[in-house]
Each structure stands twice: as structure tokens, then as C-alpha cells.
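Undergrad: mind looking at a prediction? Sequence and model below.
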Amino acid sequence: MDVAGCRESNGRKQVVVSSNGSVDGYDAATGNLIWSLNDIGGNSISSATAQGDRVFIGASSSGFDGRNASGRSLCLEFLAGATEPKIAWRAEEASCHYVSVLANDRLTWHVNKTGVVCCVGIDGKTRFRKRTLGQCWATPLLVNELVYLFAKDGRTTVLESGEFYKEVTVNQLWDTKNPPAPDTYVQSRPKPTGHGNAMQQAFEQLKQSDHNSDGKIEKEELPEQLRPFFPQLDTNQDGMIDKKEIDAMEARMRQSTTSSPSYGDPIVYGVAVGDGAFFVRTGTRIYCVRKSH
């Protein structure tokens, strides 16, 4: 569950929460639910981003998701006098996996799990889409009209904050061939359990949900925890999940498993700006990066 900064509509402050499959607005003073949008899909990691009268929701597909990763990151807009937002647009080519959407009053930047950055205008039209140096787990930052993209391996790509892709520079926080080892623990890889990961377990539950053995799975046959995913799993929107959709799901899941990222520290998890410096957090360290004089 991820939260956007508090925003105000009709003098009423709201907290916007983007969670798995829905986006909700809560009264900041009372905690009461004001509005809710369902069947969003793929918004389980990114936080919502508030910018003026707009809230941007980052989303991305997984192997257990039947829709294309593009087309689900979206923009919510609060019209004058409205308490609830409307969906202004859904991105055609942009998706966010680990990071949140970066936005100013003209443009938005979305970074997917393979490090592809997509710039989308607040009108919903794509300006550019470009692969950068690597996977980004830390949300990018906009500082002095420059966009900073932080790859998990310590490389930082700096772009001009315009409608065209233009690199200003690339910086390296550590030697990628000899990265610093964790200084407070010894890292070891987890041993296989034989039970598979959570996605595989959910997929096995899905396959076992055809209780009447007719080769099709209806929503009522799914376990309770899988029902919120039904709109994404039913890719042809015919009200049931058939063998073709299950086979396609399994293929995506295998591809996702074989291309899964490394979790070995050091990893850039998050970056903050303050006192004229960047503060970069990895697994066991915080780096302070200042401009040289």
C-alpha cells in the first residue's frame, strides 16, 4: 500500500492511497473513505504522485498479469469543485514497477523494471521512450530542472527535463566490477524450498480452481485472495479464464522468473535531497554526495 502526498480539494485535504488493484481517497482529518477506483491493476509497488490537481498512478505488469504493462499507468484529475477525480488518461507506452512517477507541471517520467524511461506529457502523449543504464529501484528526482535516474548498481543518469531525451552526464557511485561488500553482515543466497515463490504458488492455486473440470475458470471458482486479479487474468473479458489465457500466463511467469533481478547488496534503494546534497541509501550504507568546488 503506497500513499501520495496530501492534496486538497474544495478545502478538504485528502490522502490518496494506491494499493493492489485500487486507488482510494481518504479524508486527511477523519480517515474516512471519500472515493475509490477499482480494477486498476499492477499498482502494488509504486506510490501515487500528487502534482497540483493531478495524481499520477504508476503501474506495471507481472507474469501473473494478463494485460500489457503499458496502458495502465494513469493520470487522475480533480476538476474544479469535484471531490472525486476522473481518469484523465492511461499511458500507452509507460509503466512503473519499483519506482513512483516523477512529475512537474508539464511532463511525467516513468521507469519500468528494466530501466526504460518514458516521458509522458500531462496531456497523456508520449514524448520519448529510451533504455537507460540499468534497473532503477529508487524513485527518480527532479532537481534544478534536471532529472536524476538512480540505477540499483550505483550508476546515476542525469537528463535534461525537456521533451527530448538528452543525457547531461552519467556518474558512478562505486566500481561495478568490485562493489563494496555489506559491512555489518555476511550475505548469503536463500536456499530453494521446493515450494516456489509466491507467484508460482498463486499460479498453482489458479490451475486447481477449475472445480467443475470444464476447462474454464469463473470468478466464483477462484480462491478469495485471487478474485481481485480476475479482471487482469480474463484478458479477453469474456467472464472466464480459459486454457489459452492460463498457458499465456505461465509463459509470462517463466520469462519473469528467468529474467528476475539480482538482490545482492549493494543496491540503491532510495535517494533524498537536502542541504545541497544527495543522500543515497543502500543495504548497509548511506552515501552523501555533494557538488565539488
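TA: Yep, that arrived.

Undergrad: quick one: mean pLDDT over stretch 231-239.
TA: For stretch 231-239, mean pLDDT rounds to 79.

Undergrad: now that stretch, how far from the centre of its chain.
TA: A distance of 22 Å separates the centroid of the chain from that of stretch 231-239, by Cα atoms, centre = their mean, to the nearest Å.

Undergrad: and if you look at stretch 154-162?
TA: Mean-position distance between stretch 154-162 and its chain equals 19 Å (Cα atoms, centre = their mean).

Undergrad: check residue 117 and give its pLDDT.
TA: Residue 117 carries a pLDDT score of 94 in this model.

Undergrad: surely it and residue 150 touch.
TA: No. In terms of Cβ atoms under 8 Å, residue 117 does not count as a neighbour of residue 150; the distance is 11.6 Å. Glycine gets a C-beta too; all of them are placed from N, C-alpha and C.

Undergrad: from residue 89, how far out is residue 35?
TA: Separation of residue 35 from residue 89 (Cβ to Cβ, to the nearest Å): 18 Å.

Undergrad: listing request: residues of the stretch 101-250 of the chain with sub-threshold pLDDT.
TA: Residues of the stretch 101-250 of the chain that meet the criterion pLDDT under 70 lie in 186-199.

Undergrad: could you redo the last one with a cut-off of 90?
TA: Scanning the stretch 101-250 of the chain for pLDDT under 90 picks out 112-115, 132-135, 175-250.

Undergrad: so which residues of it form strands?
TA: Under the criterion DSSP state E, counting those that start in this stretch, strands of the stretch 101-250 of the chain are mapped to 102-103, 107-111, 116-121, 126-131, 141-143, 146-150, 155-160, 167-172, 216-217, 241-242.

Undergrad: partner strands of the third one and their direction?
TA: Applying DSSP bridges to the sheet, strand 116-121 is found paired with strand 107-111 (antiparallel), strand 126-131 (antiparallel).

Undergrad: what's the most buried one of those?
TA: strand 107-111 (a mean of 26; mean count of other Cβ atoms under 10 Å).

Undergrad: can you list contacts of stretch 35-45?
TA: Contacts of stretch 35-45 with the rest of the structure, by Cβ atoms under 8 Å, 6 or more residues apart in numbering, involve 2, 18-25, 57-62, 65, 67, 69, 72, 74, 76, 83-85, 87, 95-98, 231-232.

Undergrad: buried only: go through these for me.
TA: Neighbour counting by 16 or more other Cβ atoms under 10 Å classes 2, 18, 21-25, 57-62, 65, 69, 72, 74, 76, 85, 95-98, 231-232 among the contacts of stretch 35-45 as buried.

Undergrad: taking these one by one, which sit in strands?
TA: 2, 18, 22-25, 57, 74, 76 (DSSP state E).

Undergrad: circling back to that earlier point, format the strands paired with strand 116-121 as CSV; extra columns: distance to residue 185.
TA: Converted to CSV, the strands paired with strand 116-121 look like this (distance: least, Cβ to Cβ, whole Å):
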stretch, distance to residue 185
strand 107-111, 29
strand 126-131, 33
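
Undergrad: check contacts around residue 268.
TA: Applying Cβ under 8 Å, 6+ apart, we find residue 268 in contact with 137-138, 150-154, 173, 280-282.

Undergrad: try residue 131
TA: Contacts for residue 131 (Cβ under 8 Å, 6+ apart) come out as 114-117.

Undergrad: go on, residue 74?
TA: For residue 74, the contact set (Cβ under 8 Å, 6+ apart) comprises 40, 56-57, 59, 87-91.
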